[in-house]
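K.L.:
here are the coordinates; sequence isn't available:
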Ligand code: HEM
């Protein structure tokens, strides 16, 4: 009997040891797999990492420690609030949301106006109020002027050499200064005329619809991008131009592929770069196509233009490529009549100049409200802490990725009454809101380089179109279009049709 009990004990002992070995083995395997996924660089991976080479081994050590901290988040000092981070995945599921800006805004209602998210070995801090965004981007601009290094970002920007995705460095500052000066020269010399010409062409295109319902987004995009291609290459296009459609198709494809989870996963899990990935192959093809189109244009322009102009063109092209992907859709019908009334009484039948804007407060209020409700770049472009710093009293270590949630700041109920309603009157005298609380162009060292171009364009296009047309929903539709928008790097209106009804002439 004793012999039987001993055997049972022995078996139990062996089972316990076996189960322990299996558990320990599984934990070790998981940890190894996790380290491999996060740290193993792809073969032939020529993407530059941010640290100078002399610091690399120390950096890998500190990244390992940092990642262990992420893996066991509860064990260390109190940190920023944020949703529970899953092993391996972190908060990737939060980032896969359909309309990311509004999802991040709803998380702010739960975790506060500053919270953290984790994605692989990257910690992101999401800023959701105007005050906090301004503290990071404007007051502490020199701490947060970097851009995150990412494998896919480097693919899209030719190794981080573009103005918008390039990291903060002497070379980047010189590049930005050059583009800024060239754009300023254009703004002073020719921009007004270029925009007016496009506004008149757009007017003719809408007249040609003869009151038929149409989706006008393509026409607005052509007009907006013609302003940019005129500045950059001295060239404009018809909507039907195969060349323009190739360029737009290619830029739209890059923006939408780059935002897809199949491609962003490559940034956090390098091992995935070894697996076949058809969307990523398409992205590489589109990037090569874009670079080829632009090279051809610049070569042509170099041959025809005097050298100063072509130098400007090259400087501007880097900046303008951002603007090309941004259709500036401004058709909000609700207060058209008030704007029309104001245009008629102030301008006495003539088209406005940009200098008339101070005499057209209703029109300016409508533009401000559109930019508040639907900021074109709702999450700006991610920033990176280039040194240890702090935001809203929280310690922010070097290399943390900062996401300025402009959409969230523009819907902050502490600042805007009835934040989801379209109410341009809030920007009129006595309306209680101030344009100073708006941040559609970001701020600080990374302020949108095209701000002046975009503002003049929004003003003149809207003024010309609302002077000449009344926009009404297509008769087949009972209600106004869905204005939620499709959010990727930019926030675009969903497709809808509208009738541009010409106003009676004077
Ligand atoms: C209504 C139209 C536009 C809006 C709302 C807008 C908004 C923005 C925002 C929010 C950023 C990110 C700022 C940050 O990182 O903090 C940005 C960056 C940028 N934008 Fe715009 N943008 C517009 C049009 C344009 C146009 C037309 C151009 C070109 C002429 C342009 C060129 C750029 C460039 C080059 C950057 C990168 C700046 C840098 O990284 O230093 N944008 N824009």
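P.N.:
Everything's here; your move. Since we're looking at a predicted model, the values are computed, not measured. Residues are numbered from 1 along each chain as shown.

K.L.:
Could you use CA atoms for every contact and neighbour count after this?
P.N.:
Noted.

K.L.:
got any ranges where this structure has weak pLDDT?
P.N.:
1-78, 304-334, 476-479, 506 (pLDDT under 70).

K.L.:
Residue 431 contacts residue 416, doesn't it?
P.N.:
No: using Cα atoms under 8 Å, residue 431 is not in contact with residue 416; the gap is 10.7 Å.

K.L.:
neighbouring contacts of stretch 110-129?
P.N.:
38, 63, 66-67, 70, 80-83, 85, 88-92, 104-105, 108, 132-133, 268-269, 392, 400-410, 412 (Cα atoms under 8 Å, 6 or more residues apart in numbering).

K.L.:
Can you tell me the element residue 395 falls in?
P.N.:
Taking DSSP states H and E as the criterion, residue 395 maps to strand 394-396.

K.L.:
Tell me the helices and strands packed up against that strand.
P.N.:
Under the contact definition 3 or more Cα pairs under 8 Å, 6 or more residues apart in numbering; DSSP states H and E, strand 394-396 sits against strand 389-391.

K.L.:
which other helices and strands contact the strand it packs on?
P.N.:
Judged by 3+ Cα pairs under 8 Å, 6+ apart, strand 389-391 is in contact with strand 394-396.

K.L.:
Which among the contacts of stretch 110-129 count as buried?
P.N.:
Among these, the ones that count as buried by 16 or more other Cα atoms under 10 Å are 38, 67, 70, 82, 85, 88-92, 104-105, 108, 132-133, 268-269, 400-410, 412.

K.L.:
you'd agree residue 369 is up against residue 424?
P.N.:
Yes: in this structure residue 369 lies within contact range of residue 424 using Cα under 8 Å: 5.2 Å.

K.L.:
thinking again about what came up before, could you point out which element follows the strand holding residue 395?
P.N.:
According to DSSP H and E, the helix or strand after strand 394-396 is strand 401-404.

K.L.:
Give me the next element, helix or strand, following that following strand.
P.N.:
helix 406-409.

K.L.:
what helix or strand is the closest residue to residue 97 other than its chain neighbours on?
P.N.:
Once flanking residues are discounted, residue 97 sits nearest to residue 103: 6.8 Å by Cα to Cα, 6 or more residues apart in numbering. In this structure, residue 103 sits in helix 100-111 according to DSSP H and E.

K.L.:
quick one, the next helix-or-strand element following that helix and helix 100-111 angle?
P.N.:
Using DSSP H and E, the helix or strand that directly follows helix 100-111 along the chain is strand 114-119. If you take axes from the mean of the first three to the mean of the last three Cα atoms, to 10 degrees, strand 114-119 sits at 120 degrees to helix 100-111.

K.L.:
What strands line up against strand 114-119, and which way round?
P.N.:
strand 122-127 (antiparallel) (DSSP bridges).

K.L.:
so who does residue 280 touch?
P.N.:
Contacts of residue 280 by Cα under 8 Å, 6+ apart are 257, 262, 263.

K.L.:
unless I'm mixing things up, the second one is touching residue 282, no?
P.N.:
No: counting by Cα under 8 Å, no contact exists between residue 262 and residue 282, whose distance comes to 11.7 Å.

K.L.:
Buried residues, the strand holding residue 395. List them.
P.N.:
residue 396.

K.L.:
what's the answer for stretch 164-183, then?
P.N.:
164-168, 172, 175-176, 178-180, 182-183.

K.L.:
In helices, which of those fall?
P.N.:
172, 175, 176, 178, 179, 180, 182, 183 (DSSP state H).

K.L.:
For my notes, confirm residue 459 occurs in a helix.
P.N.:
Yes: counting by DSSP: H, G, I helix; E, B strand; the rest coil, residue 459 falls inside a helix.

K.L.:
Count the residues that sit near it.
P.N.:
21 (other Cα atoms under 10 Å).

K.L.:
near the ligand, which residues of the stretch 401-506 of the chain?
P.N.:
Applying Cα under 6 Å from any ligand atom, one finds that the stretch 401-506 of the chain approaches the ligand through 440, 441, 442, 443, 446, 447, 448, 449, 450, 451, 453, 454.

K.L.:
doesn't residue 448 make contact with the second one?
P.N.:
Yes: counting by Cα under 8 Å, residue 441 touches residue 448, with 5.2 Å between them.

K.L.:
In JSON lines, list the contacts of residue 280 along with distance to residue 292 and neighbour count.
P.N.:
Formatted as JSON lines, these follow (distance: Cα to Cα, whole Å; neighbours: other Cα atoms under 10 Å):
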{"residue": "257", "distance to residue 292": "19", "neighbour count": "19"}
{"residue": "262", "distance to residue 292": "25", "neighbour count": "14"}
{"residue": "263", "distance to residue 292": "22", "neighbour count": "21"}
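
K.L.:
Distance from the chain centre to stretch 285-301, please.
P.N.:
On the basis of Cα atoms, centre = their mean, to the nearest Å, stretch 285-301 sits 23 Å off its chain's mean C-alpha point.

K.L.:
Which of the residues in that stretch are classified as buried?
P.N.:
286, 287, 289, 290, 293, 294, 297, 298, 301.

K.L.:
can you put these in CSV and add secondary structure?
P.N.:
Output for the buried residues of stretch 285-301, formatted as CSV (three-state DSSP):
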residue, secondary structure
286, helix
287, helix
289, helix
290, helix
293, helix
294, helix
297, helix
298, helix
301, helix
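
K.L.:
Restrict the residues you listed to those that also contact the ligand, please.
P.N.:
Within those, nothing lies near the ligand by Cα under 6 Å from any ligand atom.

K.L.:
for those, which one is nearest the ligand?
P.N.:
residue 294 (15.2 Å; Cα to the nearest ligand atom).

K.L.:
need the residues of the stretch 101-250 of the chain near the ligand, please.
P.N.:
So far as Cα under 6 Å from any ligand atom goes, the stretch 101-250 of the chain lies against the ligand at 163, 164.

K.L.:
Which single residue of the stretch 101-250 of the chain ends up nearest the ligand?
P.N.:
residue 164 (3.4 Å).

K.L.:
Please report how far that residue lies from residue 236.
P.N.:
24 Å (Cα to Cα, to the nearest Å).

K.L.:
Which strand or helix spans residue 134?
P.N.:
helix 130-134.

K.L.:
now for that helix, which elements pack on it?
P.N.:
Going by 3+ Cα pairs under 8 Å, 6+ apart, helix 130-134 lies up against no helix or strand.

K.L.:
Toward the C-terminus, what is the element adjacent to it?
P.N.:
Next in sequence after helix 130-134, counting helices and strands by DSSP H and E, comes helix 151-156.

K.L.:
Contact partners for residue 80?
P.N.:
114, 115, 116, 394.

K.L.:
Need the buried ones from those selected in PyMOL.
P.N.:
Here is the PyMOL command that selects the buried residues among the contacts of residue 80 (16+ other Cα under 10 Å):
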select buried, resi 114+115+116
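
K.L.:
tally of neighbours for residue 490?
P.N.:
22.

K.L.:
Also residue 102?
P.N.:
18.

K.L.:
cool, and residue 436?
P.N.:
7.

K.L.:
Residue 464 too?
P.N.:
19.

K.L.:
Look up how far the ligand lies from it.
P.N.:
17 Å (Cα to the nearest ligand atom, to the nearest Å).

K.L.:
So which residues make contact with the helix or strand encompassing that residue?
P.N.:
Here residue 464 sits within helix 451-468, counting by DSSP H and E. For helix 451-468, contacts defined as Cα under 8 Å, 6+ apart pick out 187, 191-192, 195-196, 199-200, 203, 224, 328, 330, 336, 339-340, 343-344, 351-354, 357, 363-364, 367, 441, 502-503.

K.L.:
Would you mark the buried spots in that helix?
P.N.:
Buried residues in helix 451-468 (16+ other Cα under 10 Å): 453-454, 456-468.
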